[in-house]
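Peer 1: Here is a sequence with its predicted model. Questions after.
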Amino acid sequence: MSRSITIDARWDDEAGVWLATSPDVPGLVVEAETWPSMIGEVRIVLPELLSLSGRGEDQLSLTFKVEEHLDVAGV
């Protein structure tokens, strides 16, 4: 059976990294300089984190939700 997990991702402009967390997996915090490396890190860390919490799964379905905040000057 597959377990669905939502990953919240956002770009941290000050730190210059992507930050990934999940409301479905407490303790998941991944930082990476590029989008592909952030996804790769999540794929490595997530199964290990779930296994340590006793909630390991054979199949995971990951959905990445991206947030971006922009300050725009008035016209």
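Peer 2: Thanks, I have the structure now.

Peer 1: buried set for stretch 31-42?
Peer 2: Neighbour counts over stretch 31-42 (16 or more other C-beta atoms under 10 Å) mark 32, 38-39, 42 as buried. C-beta here means a position set from N, CA and C on the backbone, and glycine is covered the same way.

Peer 1: residues contacting the residue positioned nearest the centre of the chain?
Peer 2: Nearest to the mean C-alpha position of the chain, by C-alpha atoms, centre = their mean, lies residue 20 at 3.0 Å. Applying C-beta atoms under 8 Å, 6 or more residues apart in numbering, we find residue 20 in contact with 7-9, 28-32, 38, 41-42, 64.

Peer 1: helix, strand or coil for it?
Peer 2: Put simply, residue 20 is strand when judged by DSSP: H, G, I helix; E, B strand; the rest coil.

Peer 1: Now it: closest residue in space that isn't a chain neighbour?
Peer 2: Leaving out its chain neighbours, the residue that sits closest to residue 20 by C-beta to C-beta, 6 or more residues apart in numbering is residue 30, at 4.3 Å.

Peer 1: Isn't the one you found up against residue 19?
Peer 2: Yes. Counting by C-beta atoms under 8 Å, residue 30 does reach residue 19; the two are 7.4 Å apart.

Peer 1: So which of the two has more stuff around it?
Peer 2: residue 30 (23 against 16; other C-beta atoms under 10 Å).

Peer 1: In contact with that one: list those residues for me.
Peer 2: Residues near residue 30 by C-beta under 8 Å, 6+ apart: 19-21, 38, 41-42, 45.

Peer 1: show me where the chain has helices.
Peer 2: Assigned by DSSP state H, the chain shows helices spanning 35-52.

Peer 1: which residues of it score low on pLDDT?
Peer 2: 1, 57, 75 (pLDDT under 70).

Peer 1: Identify, by residue count, the longest strand of this protein.
Peer 2: What stands out as the longest strand in the chain, according to DSSP state E, is strand 2-12.

Peer 1: In PDB, please show the C-alpha coordinates belonging to that one.
Peer 2: The C-alpha coordinates for strand 2-12 follow below in PDB (Å, rounded to 0.1, in the frame of the first residue of the first chain):
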ATOM      1  CA  SER A   2       1.200   3.500  -0.800                       C
ATOM      2  CA  ARG A   3       1.300   6.300   1.700                       C
ATOM      3  CA  SER A   4       0.700   9.900   0.500                       C
ATOM      4  CA  ILE A   5       2.900  12.600   2.100                       C
ATOM      5  CA  THR A   6       2.800  16.300   1.400                       C
ATOM      6  CA  ILE A   7       6.100  18.200   1.400                       C
ATOM      7  CA  ASP A   8       6.000  22.000   1.800                       C
ATOM      8  CA  ALA A   9       8.900  23.600   0.000                       C
ATOM      9  CA  ARG A  10       9.900  27.300  -0.100                       C
ATOM     10  CA  TRP A  11      12.900  29.300  -1.200                       C
ATOM     11  CA  ASP A  12      14.800  31.000   1.600                       C
END
